[in-house]
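[1] Here is a sequence with its predicted model. Questions after.
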Amino acid sequence: MIAGLVRLLGSIDLAEEAAQEAYVIAMQRWPAAGVPPNPAAWLTTTARNRAIDRLRRESTRDTRQREAAQMTVPDEAEPQGAVVDDRLRLMFTCCHPSLAPSAQVALTLRLLGGLTMAEIAHGFLVPETTMAQRVTRAKRKIAANRIPYRVPADHELPGRLKSVLTTLYLVFNEGYLASGQDSAVRTDLSAEAIRLARVLTTLMPDEPEAKGLLALMLLTDARRAARFADDTLVPLAEQDRGQWHRELIAEGHAIVRECLRRAQPGPYQLHAAVNAVHTDAARAEDTDWGQILDLYNHLFALTPTPVVALNRAIAVAEVHGAAAGLRIVDGLDLASYHAFHVTRAELLRRLDRRAEAGDAYSRGIELAPNTAERNFLRKRKDALSD
Amino acid sequence: MGQYMLSVHSREGDPAPDAATGQRAMSQVAKLNEEMQAAGAWVFAGGLHPYDTATVVAAMGDDVLLTDGPFAESKEHLGGFWVISADDLDTALEWARKASTACLNPVEVRPFQDVPES
């Protein structure tokens, strides 16, 4: 509803105010008069009429006058090949690369997700005032800069779509990596990211990377229930696979197969494929590591980052032995990343280099992002002396 | 349609580009200005003399205080700018990309508050 109003009114603030007014009117009228046959359309029409009334009332003021004038401007013709949907337009506006990633995330959740400012602030562990300022500043920047409200033309699309996908994945991980007492609220962020990714794949069915992202989220989320036990992280190999969500896995696998048929691989699709291989194994020891290594080789060719190299090294260790994996890990410049130390520790443990493994676990514990992971690493470290 | 300032900043203590590089930037910028004019985007553009040629004027009632040197005590100073008109930020960002390529420096894009009556 907000998305449609932004197009009609040409201003995010106006759209939000108008939507709020329409809800208030609905709450006053519907109980007595009954719910109209098409509630969504009723709300949109009411919101638009209210906004126009208000603009006329306040039209002595310069800025409002300009906004009123803006409304009468007919829609620009959509470029050919672009999907016409207000939610999609709003997604691209909220994820405009001129906005900081934190602002993109906040705006997307506020305007496209059904989340309140308090929920978003809680989800990102920042004070509500901070989050509100972030959103206000972003909306001001959009208005001042005339950040366009449209789906980018085909030649701009790859870069702009990447920005949307990154934002959705950030939201997902923010919820997925949560643990402890805040986890319930933060889990909603993952659900919201999946919902928005579904909207995106419906609106842009020809973008394999959008599908890849959705599959990656589904296959990751499917393992959520098995990830923690007693506020301690359970690593993939030790998870109770019976707790995995079979329906999400089946849906994720179907999308990955569809991506394979298209044969236009990209980073999200390859990540999703790795997760498909993991979730395909009934037991950890059945995992087809050879296939995972192939996928990481492909991924590393596309995005040769140290983090991909680290993940590839884990697959190398499974296929060619811990020593081969460790040689790669030791060449990486990732000393400030907790997973680097955790991977080293695990490989050193397998090579029975216990003292070094202990030091690496200690570094991992210092840098670990949450209690559940710290608890897991302490247990692992303690087990070295058994 | 809005107006945007594309500004180029120089850092104090940065070595001046060598003559050949400076010349290349100048001719690339001249070409870009022509392209902007042909597209109807060009409003105004100019390069400034070094920041130490500046004078700050502060009116204080009937009095005026003149200070030799630039206003901001920062390490970065405005070196030159374009003022362009563009439909939206995406169009302005595309001109900024071309401007950055031409002048061999990062370019800051900032919207003007009002569109002057034409």
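    Sure thing, it's come through.
[2] Skip the chain neighbours and tell me the closest residue to the residue of the stretch 201-350 of chain A at minimum distance from chain B.
    Taking C-beta to the nearest C-beta, chain B has its nearest neighbour within the stretch 201-350 of chain A at residue A:204, 18.5 Å off. Glycine gets a C-beta too; all of them are placed from N, C-alpha and C. Using C-beta to C-beta, 6 or more residues apart in numbering or on different chains and skipping residues adjacent in sequence, the residue nearest residue A:204 is residue A:210, 5.6 Å away.
[3] How far does the helix or strand where that neighbour lies sit from its chain's centre?
    In this structure, residue A:210 sits in helix A:208-221 according to DSSP states H and E. Computed by C-alpha atoms, centre = their mean, to the nearest Å, the chain-centroid distance of helix A:208-221 equals 10 Å.
[4] Now do the strands in chain B.
    Assigned by DSSP state E, chain B shows strands spanning B:2-11, B:42-47, B:55-60, B:63-68, B:76-86, B:107-111.
[5] Say whether chain A is contacted by the second one.
    No: using C-beta under 8 Å from any C-beta of the partner chain as the criterion, no contacts between strand B:42-47 and chain A are found, and the smallest distance is 15.7 Å.
[6] So what angle separates the directions of that strand and strand B:2-11?
    10 degrees (axes from the mean of the first three to the mean of the last three C-alpha atoms, to 10 degrees).
[7] Mind listing residues that contact the helix holding residue A:210?
    With C-beta atoms under 8 Å, 6 or more residues apart in numbering or on different chains as the test, helix A:208-221 has contacts from A:161-162, A:165, A:168-169, A:172, A:176, A:190, A:193-194, A:197-198, A:200-201, A:204, A:245, A:248-249, A:251-253, A:255-256, A:258-259, A:262, A:264-272, A:275-276, A:278-279.
[8] What's the first helix or strand after it?
    Following helix A:208-221 toward the C-terminus (DSSP H and E): strand A:228-229.
[9] Would you list the strands that that next one pairs with, along with their directions?
    Sheet pairing for strand A:228-229, assigned by DSSP bridges, gives strand A:232-233 (antiparallel).
[10] pLDDT averaged over the helix or strand just after the partner strand - what is it?
    Per DSSP H and E, the first helix or strand lying C-terminal to strand A:232-233 is helix A:246-262. Averaging pLDDT along helix A:246-262 gives 96.
[11] Show me what helix A:246-262 packs onto, helices and strands only.
    Applying 3 or more C-beta pairs under 8 Å, 6 or more residues apart in numbering or on different chains; DSSP states H and E, we find helix A:246-262 packed against helix A:208-221, helix A:267-280.
[12] who's in contact with the last one?
    Right, helix A:267-280. A:165, A:169, A:208-213, A:215-216, A:219-220, A:222-223, A:236, A:244, A:249, A:252-253, A:255-256, A:259-260, A:287-288, A:291-292, A:295-296, A:298-299, A:302-303.
[13] The helix or strand just after it versus helix A:267-280: what angle between them?
    Per DSSP H and E, the first helix or strand lying C-terminal to helix A:267-280 is helix A:289-302. Relative orientation of helix A:289-302 versus helix A:267-280 (the same axes, to 10 degrees): 170 degrees.
[14] State the next helix or strand along the chain beyond helix A:289-302.
    Next along from helix A:289-302, by DSSP H and E: helix A:306-320.
[15] buried set for whichever helix or strand comes after that following helix?
    Next helix or strand after helix A:306-320 toward the C-terminus (DSSP H and E): helix A:322-330. By neighbour count with 16 or more other C-beta atoms under 10 Å in any protein chain shown, helix A:322-330 contains the buried residues A:322, A:325-326, A:328-329.
[16] Find me the pLDDT at the residue lying closest to residue A:330 once chain neighbours are set aside, would you?
    Among residues not flanking residue A:330 along the chain, residue A:344 sits closest, at 7.4 Å (C-beta to C-beta, 6+ apart). On pLDDT, residue A:344 comes in at 97.
[17] Residue A:363 now?
    At residue A:363, the pLDDT value in this model is 97.
[18] Next one: it from residue A:331, what distance?
    17 Å (C-beta to C-beta, to the nearest Å).
[19] Neighbour count for those two, which is higher?
    Shown here are residue A:363 and residue A:331; by other C-beta atoms under 10 Å in any protein chain shown, residue A:363 has more neighbours (18 against 10).
[20] what about residue 92, how many residues close to it?
    Picked chain A for this. 21.
[21] wait, chain B
    25.
[22] which residues does it contact?
    Counting by C-beta under 8 Å, 6+ apart, residue B:92 touches A:145, B:4, B:6, B:84, B:86, B:109, B:111.
[23] make it 7 Å
    Residues in contact with residue B:92, defined by C-beta atoms under 7 Å, 6 or more residues apart in numbering or on different chains, are B:4, B:84, B:86, B:109.
[24] for those residues, which one is nearest residue A:123?
    Distance to residue A:123 across the contacts of residue B:92 (C-beta to C-beta) is lowest for residue B:109, with 31.2 Å.
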